[in-house]
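Student: Only the shape, not the letters, is given here:
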């Protein structure tokens, strides 16, 4: 099973933290990234498989509004 690097991004799109997590496919890695992003305080996330960029996502202004 491939290991993906999940990079948490600050407001300037610089890596603030990262975790290496095994995921079965790129699709599973994207889903996991979206869940991690929703549960953290960082505004963005990128996923890498070695030197291959797999995914990039940022929280929208709507996601920060109180319910």
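Tutor: Nice, thanks for sending it over. Computed from a predicted model, the values in this text were never measured in an experiment. Numbers count the residues shown, from 1 in each chain.
Student: Contacts for the helix or strand harbouring residue 28 next, please.
Tutor: For residue 28, the element it lies in under DSSP states H and E is helix 26-39. Contacts to helix 26-39, defined as Cβ atoms under 8 Å, 6 or more residues apart in numbering, come from residues 4, 6, 8, 19, 21, 23, 44-45, 47, 49, 54-55, 57, 59, 63. Where C-beta positions appear, they are placed from N, C-alpha and C, glycine not excepted.
Student: Selecting buried members of these in PyMOL, what would you type?
Tutor: Command for PyMOL that selects the buried part of those, burial taken from 16 or more other Cβ atoms under 10 Å:
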select buried, resi 4+6+8+23+44+45+47+54+55+57
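Student: Of all the residues in stretch 14-22, which ones are buried?
Tutor: Those would be residue 16, for stretch 14-22 by 16+ other Cβ under 10 Å.
Student: so who does the residue sitting nearest the centre point of the chain touch?
Tutor: Nearest to the mean C-alpha position of the chain, by Cα atoms, centre = their mean, lies residue 45 at 3.1 Å. Residues in contact with residue 45 (Cβ under 8 Å, 6+ apart) are 6-9, 33, 36-37, 55-57.
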